[in-house]
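Student: Below are the sequence and a predicted model for it; my questions follow.
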Amino acid sequence: MFNNNYFKVAFRSIMKTKLFTLLSIISLCIGILGAILIFLYTYNELNYDSYHKKSDRIYRINSNFNINEKEDFFALASFPIGYLFKRDYPEVKEFVRLQKMPGKFYLAKDDIKTFVNQVFYADSSLLDIFTHEFIYGEKETALSSFESIMLAESVSDKIFGDRNPIGEIVTDISGITYKVTGVFKDFPDNVHLRYDVIMPMEPAIQLTAEQRGPEAVDPNNTNLLWQINQYCYILLDERANITDLNEKIQGFYDKYMSEIGKQINSSFKPILTSLKETHFTSFQWDEPQGKMEYIYIFIFVSIFLLIIAAINYVNLTTACSMKRAKEVGIRKVLGAHQKQLIKQFLIESIMISFISLFFSMLLIELILPIFNDLTGKNLSFGFQAPLIIYIFILLITISIGLISGIYPAFVLSSFKPIAVLKGEFTKSKRAVVIRKTLVVFQYILSIVMITGTLIVVKQLNYLRNYDLGFDKTNILVVSAETQAGYTQKYKAFKNEILTHPQIKNIATANQVFLKGLGKLVFSVFDEGEIRNLGFNLVSVDADFFDVMGIPFLEGNTFESTEGQNNQSNFNEDGNINKFVMNETASKIAGWKGTLRQISLGDSENPGEVIGVVKDFHYASLHNPIEPLIFIPNNNHQLQIHLKLLDKDIRNTLDFIEKTWYEHFLTTPFEYEFMDSSIDSMYQSEVKLSKVFSYFAIMCIFISCLGIIGLAIFSTEQRTKEIGIRKILGASKYSILLMLNAEFTKLVFVAGILSVPIAYFSMNLWLKNFTYKIDFPFTILGISFVIAWVIAWLTVSAVTYKISVSKPVDAIRYE
Amino acid sequence: MIKLQNISKVYRTDTIETTALNDINLEIKAGEFVAIVGPSGCGKTTLLNLIGLIDSPDSGDLYFLDKNVSKINEQLKTALRKKNIGFIFQSFNLIDELTVYENVELPFFYQNFSVKERKQKVLELLDRLEISHRKNHFPQQLSGGQQQRVAVARAVATNPKLILADEPTGNLDSQNGEEVMQILQDLHKEGTAIVMVTHSPAHAKMAEREIHLFDGKIIKSDLNGKI
């Protein structure tokens, strides 16, 4: 189809305009590189959980509760629901319940001790539903006995090295023994439900039955449907239709739950999410998820980059067209059709595109680790990459070659041979206008990218510095573990800790605020009326408010449990009779009378609200403040909060660590400062700001290459004029100003046009936040100045040389 | 007014070294009309460029208004040039993107005349050179003769003491050529010194003095019997 000649000529003309070709290739190389990176990222995100072979048939049951007109979505489900689904709906072939073990799990084998983060109890059906690649052991026996324990490869490696550990005994912190029955390959990074250790659910169920009676684990006990505490996944039959099933489960609430629901003014809806969707849904208590909007943003950004790169090719090629005009003229005189010429120029652009691809492929190995670091991914690229990635790369390269080549091809091939050969050919006004328009477009995108980056950073700083309503500085959180005699150990630890002058106070809670709290239904007693309302709940001791610096609006904290009457917060039945709540909770409870009483669940023995604290942010600022109730704990809880004073923190930490090991020898001293935990809630924004800033730099860089090319071209064109002006007395500054003014105008127009785009797009993003900055117009101004200064410096690098040249050089150029 | 002492100028490319001017000694007095003649490539334009301070010699001393200017920087040269020297080229060297009016306005612009003064002076000049009716045209829309008139108008705009003309009639037909020569002679009569490079013996004869260049050297200087 193609004559060999086409390639030869393409190659020669590429070599002839070396500088401009180089600029085009660098631009396209960066553009293609960006596109490949974003494609790898998107492919990885959109194929979440495809590791599981049955992923298209696996669904998670999520819970949608409506308690007193307040809707909540949870990733968790109740104990019986999987069982009932399987029993009632033939589409459901299997179900698995997974319960996460809170905190860290301690595992020991002889002298080797290790801590594991992600530990789940699961039904043995887990292995039928999700894919596990067994290295040792078998699916059939891995979770079959009470003492079974299944380890991820990395955990097994830590304890046993490359030994086969099947049948080996390991112990936990309380000395309970487990027998290793399976070792499975670690999951790839794009699996949303991750675990290092799996233990069978059965012993946990049996323990609950022993402690709370058989009805607590009876799957037919519909009361349990109101308590959600585990993940539940179902496997659908191969022929099942999800639409049908979704319709059927609408009747679930009426059949099992409406009776109680009416009493407590609440309702429930099960929601099924496919494994693929699950990664992008953000329900409460979910495992860390992805954000679809970020994928959209990244795709947009990479398209920006490609467009800017393609524009460079268009501009540089049409700018050089004068140099090609003669060739076109002669070819036409010799009988070339426009079609043949278009083909010629398109081959050239596609060739350049492939050369650029070649360099991006070389660069990708270098860039990928940086990109992985930015995005927190573990992407790889190589021969093992899926075929679709190669097809994408091929398509993007050919299409970018075609897109960037088509306009120059038409422009170049449409030159009139007579005009060209007679020397009457003058530069086309239209082409100049198009070039300028494209440069304006490049700068609009660049300015929008800079603005975006700065706004993300500004919002991030705003969130980090927002007054949360409590004093987040110097609060140290250390997690203890359930163990025999904990309360006594804690008391001793506390007494010793408080002897240190740099430790202000210490308190415990059952949860760390920022990691999510439990939500429960309370009964609000008001002038003989009882209302059921859902409140977040945290169990704390008396000193907690002091440690956290949470101010009281009314009343006071609980009575200290350290004293003689340490049961004073509870009545004789062991029910709580003292509560503290936040402002929002107090408003929602809406007492009309002066006596403010509530009880946990449907208990008929209410306690009294003894204090109301000022509202403070105990979750990320993406969300508004929710109602919160504090209940006292009679035994100390596991999350230990310490308030340190400013001085000498390093030594104080050493002291705490030393004291810690004196009292809790087997628990690792792992601490987190409250303010850094708060920062970590905005990880996805940090990630976004980083990716944004890198891409903004690339956009600006490519745009600069473009205007370097255009500046070289336009100074070349204006050499004679510059010479004349210099002879007539123009100074170097006036020449510099004149040449730069052309580009300044373009950047200025881009600056104006970018206002609505940046305003609209960034406001859209800011809508994600309940607490957000007002749209900062100053930042738009700053972005414009940045873009302008960079453009000015870039152009000056080219124009300065000519502005200081001797006028005779310019004249002689003729 | 201008004095060249042992001036040499060599052009170098990667492989070739061309001596454009070789040990030139020459003096031009104020108000004098000098023609430089010689075959192509003998260094006429180079000599003119040196006198016009748009190029610098490799060796020797160049005095302009009794000041040694062979080593002064570009900025000072620009200042001297824009006050004292006007240029006329064979190819007119008008700026294509500017109108007749704007081309003539340029020297005033670079000498920081006010808008009002500029307007007045440009219109005067255009009148004097009989091209006012073309003031809003672009150079390409004019005939060669008209273009050269514009170039002359631009060259004399700031009343320079010296006009350098590089083959001013080279691209013109004989009638237009004569007209331009007439203008130059008029300027000379008004007291402006003129140094003109030309190939036309007839036009050279109109000068007071003819300097013959050959291979970068002055081989002859005729006084044309005028002084």
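Tutor: Sure thing, it's come through.
Student: From here on, just use CA atoms for contacts and neighbour counts.
Tutor: OK.
Student: In the stretch 151-300 of chain A, which residue sits closest to chain B?
Tutor: Nearest to chain B in the stretch 151-300 of chain A, going by C-alpha to the nearest C-alpha, is residue A:300, at a distance of 40.4 Å.
Student: and that residue, which of the three is it?
Tutor: For residue A:300, the assignment made with DSSP: H, G, I helix; E, B strand; the rest coil gives helix.
Student: What pairs with the one helix or strand residue B:36 maps to, parallel or antiparallel?
Tutor: Here residue B:36, judged by DSSP states H and E, is contained in strand B:33-37. Here strand B:33-37 is paired, per DSSP bridges, with strand B:193-197 (parallel), strand B:209-214 (parallel).
Student: how far is the shortest one from where the chain is centred?
Tutor: A distance of 6 Å separates the C-alpha centroid of strand B:193-197 from that of its chain, computed with C-alpha atoms, centre = their mean, to the nearest Å.
Student: if we can go back for a sec, model confidence over the strand holding residue B:36, on average?
Tutor: Across strand B:33-37, the average pLDDT comes to 93.
Student: Quick one: classify residue 124 as helix, strand or coil.
Tutor: In the absence of a named chain, this looks at chain A. On the basis of three-state DSSP, residue A:124 is classed as coil.
Student: so what's the residue nearest to it when sequence neighbours are not counted scoring on pLDDT?
Tutor: The shortest distance from residue A:124 to any non-neighbouring residue, by C-alpha to C-alpha, 6 or more residues apart in numbering or on different chains, is to residue A:143 (5.4 Å). Looking at residue A:143, its pLDDT reads 90.
Student: Let's verify the closest residue to chain A within chain B: helix, strand, or coil?
Tutor: Residue of chain B nearest chain A, by C-alpha to the nearest C-alpha: residue B:82 (4.8 Å). Each residue gets one of three states, and residue B:82 gets helix by three-state DSSP.
Student: How about the contacts made by it?
Tutor: A:727-729, B:107, B:110-111 (C-alpha atoms under 8 Å, 6 or more residues apart in numbering or on different chains).
Student: Grab the most central residue of chain B for me.
Tutor: residue B:164 (1.7 Å; C-alpha atoms, centre = their mean).
Student: Tell me how far it lies from residue A:450.
Tutor: Using C-alpha to C-alpha, to the nearest Å, one gets 53 Å for the distance from residue B:164 to residue A:450.
Student: can you pull the buried residues of stretch A:712-721?
Tutor: Neighbour counts using 16 or more other C-alpha atoms under 10 Å in any protein chain shown place A:712-716, A:719-721 of stretch A:712-721 among the buried residues.
Student: List, one by one, the residues from chain B near chain A.
Tutor: B:49, B:54-55, B:74-75, B:78-79, B:81-82, B:86-87, B:93-95, B:106-107, B:110-111 (C-alpha under 8 Å from any C-alpha of the partner chain).
Student: Keep only those of those that are in helices.
Tutor: Counting by DSSP state H, the part of the residues of chain B next to chain A found in helices is B:49, B:74-75, B:78-79, B:81-82, B:106-107, B:110.
Student: Can you name every helix or strand that the longest helix along chain B contacts?
Tutor: Ranked by number of residues, the top helix in chain B under DSSP H is helix B:174-189. Contacting helix B:174-189 under the criterion 3 or more C-alpha pairs under 8 Å, 6 or more residues apart in numbering or on different chains; DSSP states H and E are the following elements: helix B:144-156.
Student: now the angle from the helix it packs on to helix B:174-189?
Tutor: 20 degrees (axes from the mean of the first three to the mean of the last three C-alpha atoms, to 10 degrees).
Student: Helix B:144-156 versus helix B:74-84: what angle between them?
Tutor: 110 degrees.
Student: what's the following helix or strand after the helix or strand bottoming out on mean pLDDT in chain A?
Tutor: None of the helices or strands of chain A scores lower by mean pLDDT, DSSP states H and E than helix A:417-422, at a mean of 66. Sequence-wise, the next helix or strand downstream of helix A:417-422 (DSSP H and E) is helix A:429-465.
Student: Please compute how far that next one lies from its chain's middle.
Tutor: 23 Å.
Student: For the helix or strand following it, which strands pair with it and how are they oriented?
Tutor: Going down the chain from helix A:429-465, the next helix or strand is strand A:475-479, by DSSP H and E. Partners of strand A:475-479 in the sheet, by DSSP bridges, are strand A:639-644 (antiparallel), strand A:671-673 (antiparallel).
Student: Tell me which of the ones you listed is the most buried.
Tutor: Most buried of the strands paired with strand A:475-479, by mean neighbour count (mean count of other C-alpha atoms under 10 Å in any protein chain shown): strand A:639-644, with a mean of 23.
Student: can you list contacts of it?
Tutor: A:474-480, A:502-512, A:544, A:547-548, A:652.
Student: Mind doing that once more with 7 Å?
Tutor: Residues from elsewhere that reach strand A:639-644 (C-alpha atoms under 7 Å, 6 or more residues apart in numbering or on different chains): A:474-480, A:502-512, A:547.
Student: Repeat that for stretch A:785-804.
Tutor: A:447, A:704, A:707-708, A:711-712, A:715, A:732, A:735-736, A:739-740, A:744, A:747.
Student: what's the average pLDDT for it?
Tutor: On average, stretch A:785-804 scores 87.
Student: Any buried residues in that stretch, and which?
Tutor: Within stretch A:785-804, the residues that count as buried by 16+ other C-alpha under 10 Å are A:785-788, A:790-792, A:794-796, A:798-800, A:802-804.
Student: that older thread, and the longest helix of chain B, how far out from the chain's middle?
Tutor: The answer for helix B:174-189 is 14 Å, by C-alpha atoms, centre = their mean.
Student: So for it, what gets flagged as buried?
Tutor: Buried positions in helix B:174-189, judged by neighbour count with 16+ other C-alpha under 10 Å: B:176-177, B:180-181, B:184-185, B:187-188.
Student: Pick out whichever of those sits closest to residue A:686.
Tutor: residue B:180 (73.5 Å; C-alpha to C-alpha).
Student: Now do the phi/psi pair for the most centrally placed residue in chain A.
Tutor: A centroid search over chain A (C-alpha atoms, centre = their mean) returns residue A:684, at 3.5 Å, as the residue closest to the centre. The phi/psi pair for residue A:684 (degrees, to the nearest 10) reads phi -70, psi -30.
Student: cool, and residue A:152?
Tutor: According to degrees, to the nearest 10, residue A:152 has phi -70, psi 150.
Student: That one and residue A:180 touch, don't they?
Tutor: No: using C-alpha atoms under 7 Å, residue A:152 makes no contact with residue A:180, being 10.9 Å away.
Student: shaky segments in the chain?
Tutor: Using chain A. A:1-4, A:103, A:287-288, A:418-428, A:514-518, A:561-568, A:572-574, A:602-603, A:634, A:810-814 (pLDDT under 70).
Student: Actually, chain B is the one I wanted.
Tutor: In chain B (pLDDT under 70), the answer is B:225-227.
Student: so where does residue A:71 fall, helix or strand?
Tutor: Per DSSP H and E: strand A:70-74 holds residue A:71.
Student: what about residue A:339, how many neighbours?
Tutor: 12 (other C-alpha atoms under 10 Å in any protein chain shown).
Student: repeat for the one 10 residues further on
Tutor: By the criterion of other C-alpha under 10 Å, residue A:349 has 29 neighbours.
Student: that's a strand at it, yeah?
Tutor: No: applying three-state DSSP, one finds residue A:349 to be helix, outside a strand.
Student: got a list of what it touches?
Tutor: A:401-402, A:405.
Student: rewinding a little: kindly give a single ChimeraX line that selects the buried subset of the contacts of strand A:639-644.
Tutor: In ChimeraX syntax, the buried subset of those is picked out as below (16+ other C-alpha under 10 Å):
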select /A:474,475,476,477,478,479,480,502,503,505,506,507,508,509,510,511,512,547
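Student: what does stretch A:57-66 contact?
Tutor: Taking C-alpha under 7 Å, 6+ apart as the rule, stretch A:57-66 contacts A:71-77, A:232-236, A:266-275.
Student: Give me the distance from that stretch to the chain's centre.
Tutor: Centroid separation between stretch A:57-66 and its chain, computed with C-alpha atoms, centre = their mean, is 22 Å.
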